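In: Need the 3D shape of this:
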Amino acid sequence: KSHTKANGKSHTKANGNGKSASAPREPIFPFELKRRVRKKFNKSGTLVMKGARSSWYRPGTLQELLNLKKDFGSSAKLVCGNTEVGIEMKFKHCDYQILISPMWIPELVSISFDAEARRVTFGACATLTNVTEFLNSYIKSVSPEQLNGSKKEQASAYETSGFGAIVNQLKWFAGHQIKNMATIAGNVVTGSPISDLNPLWMCCGAKFKVVGEEATKVREVKAEDFFLGYRKVDLKDKEILYQVDLPCTRMYEYVQEFKQAHRREDDISIVCAGMRVKFAHESGRWIVEDIAIAYGGVAAKTIMAPETQKKLIGMEW
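Out: I've put the predicted structure just below:
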């Protein structure tokens, strides 16, 4: 009988009458592709594929990406999961001549927990599936003994309220296939006024890190200041969204998500919101010490409710 060993060579075994017999063989996964996956984060250098209508660039380092942005400026379109750009090209007939994929740049796809600063740092190109899995690992790993924050490498239970709100919102964000490909940057930089996540970034006090021509020069923008108008964000032609810092919630601080759509699953929001409140215990009463409320779907961009916030601070809950 014929079979294929791990080295990819075909072997034939004689049947009962001494003659060789061939049998259907199941093809193995090409080893060269496996090696490419293992080596992809250790190999720099920009891959370029040029076609009649457009050119595709896949940089291997952050500086290579920034150099491409410097060279092409606003004519370059970054493509992460293609869940937005693909629709624009197919149905809106957008013509992008320069397409750049940043998905092989390690710092753009990584997620980490900073035990000293008590925050999570997301690479801008982290997929929504990876975001969910990472935050869930902290939500589900806490125990009562950790409430005092004694284990720095873990997040205490009260610190994960914002994590839980994002995970809950992502549950109804889209189907699994979309979340496997869609990224934070794609959702944020699109600047949609009905983004399900942007109200949560804003109310949680997240900060967006932006880089331009040099990877070492990082500009920080508060999430609430990042959205300037309808699908307009605080990014210059040569800049990209680099990272998102999400702070842990404090003791007696809670975050809640909200989404109203025509259908519960696989539908865009009619209106969505993110709400965060921190309480103080004074004279047997719970007082609103700090509050942040952000809405999507009620204006040309995601907005805060500053006057309502001012009225509520100091009131009894």
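In: Could you pull out the buried residues of the strand or helix carrying Leu66?
Out: Following DSSP states H and E, one finds Leu66 within helix 62-72. Neighbour-count burial for helix 62-72 flags 62-69, 72 (criterion: 16 or more other Cβ atoms under 10 Å). (Glycine included, C-beta is placed from N, CA and C.)
In: who's in contact with it?
Out: Contacting residues not belonging to helix 62-72 are listed as 44-46, 57, 59, 76, 98, 100, 102, 105, 107-108, 211-215, 237-240, 242 [Cβ atoms under 8 Å, 6 or more residues apart in numbering].
In: and with 6 Å instead?
Out: Here helix 62-72 makes contact (Cβ atoms under 6 Å, 6 or more residues apart in numbering) with 46, 57, 59, 98, 100, 102, 105, 107, 213, 215, 238.
In: quick one: which of these sit in strands?
Out: 57, 98, 100 (DSSP state E).
In: of all these, which comes closest to His262?
Out: Set against His262, the nearest of the ones in strands among the contacts of helix 62-72 by Cβ to Cβ is Ile100 (34.9 Å).
In: Leaving out chain neighbours, which residue sits closest to the closest one?
Out: Spatially, and ignoring its direct neighbours in sequence, Ile100 is nearest to Tyr57 (4.7 Å; Cβ to Cβ, 6 or more residues apart in numbering).
In: List the beta-bridge partners for that neighbour.
Out: Here Tyr57 sits in beta bridges with Val48, Ile100, going by DSSP bridges.
In: Tell me how many other residues surround it.
Out: Neighbour count of Tyr57, defined by other Cβ atoms under 10 Å: 22.
In: repeat for Ser54
Out: With other Cβ under 10 Å as criterion, Ser54 counts 14.
In: list the contacts for it?
Out: 97, 99.
In: If we use 7 Å, what do you get?
Out: Counting by Cβ atoms under 7 Å, 6 or more residues apart in numbering, Ser54 touches 96-99.
In: In a strand, Asp290, correct?
Out: Yes: counting by DSSP: H, G, I helix; E, B strand; the rest coil, Asp290 falls inside a strand.
In: Surely it and Lys278 touch.
Out: Yes: using Cβ atoms under 7 Å, Asp290 is in contact with Lys278, at 4.2 Å.
In: So for these two, which sits in the more crowded spot?
Out: Lys278 (18 against 15).
In: tell me the centre residue of the protein?
Out: Ile184 (2.8 Å; Cα atoms, centre = their mean).
In: Who are the contact partners of that residue?
Out: Ile184 touches 122, 124, 126, 131, 244, counting by Cβ under 7 Å, 6+ apart.
In: Please report the distance of it from Asn82.
Out: 15 Å (Cβ to Cβ, to the nearest Å).
In: give me the low-pLDDT residue ranges for the protein?
Out: 1-26, 29, 32-44, 141-153 (pLDDT under 70).
In: picking up where we left off before, out of the contacts of Ile184, grab the one that's most surrounded.
Out: That'd be Ala124 among the contacts of Ile184, by other Cβ under 10 Å, with 26 neighbours.
In: residues near the nearest residue to it once chain neighbours are set aside, how many?
Out: Distances taken as Cβ to Cβ, 6+ apart place Ala185 nearest to Ala124, at 3.8 Å, with adjacent residues excluded. Close neighbours of Ala185, defined as other Cβ under 10 Å, add up to 24.
In: What of Thr132?
Out: Thr132 has 19 nearby residues by other Cβ under 10 Å.
In: Likewise for Thr216?
Out: 7.
In: picking that back up, quick check on the contacts of Ser54: which are buried?
Out: Using 16+ other Cβ under 10 Å, the buried ones in the contacts of Ser54 are 96, 98-99.
In: May I see those organised as CSV, with distance to Gly51 added?
Out: Output for the buried ones among the contacts of Ser54, formatted as CSV (distance: Cβ to Cβ, whole Å):
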residue, distance to Gly51
Tyr96, 12
Ile98, 11
Leu99, 10
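In: ok, the residue nearest to Ala124 touching Gln243?
Out: No: counting by Cβ under 7 Å, Ala185 sits too far from Gln243 to count as a contact (9.7 Å).
In: Overlap of the contact sets of those two?
Out: Contacts common to Ala185 and Gln243, judged by Cβ under 7 Å, 6+ apart, are Ala124.
In: quick check, nearest of the buried ones among the contacts of Ser54 to Phe113?
Out: Leu99 (32.7 Å).
In: quick revisit: can I assume the residue nearest to Ala124 sits in a helix?
Out: Yes: per three-state DSSP, Ala185 lies within a helix segment.
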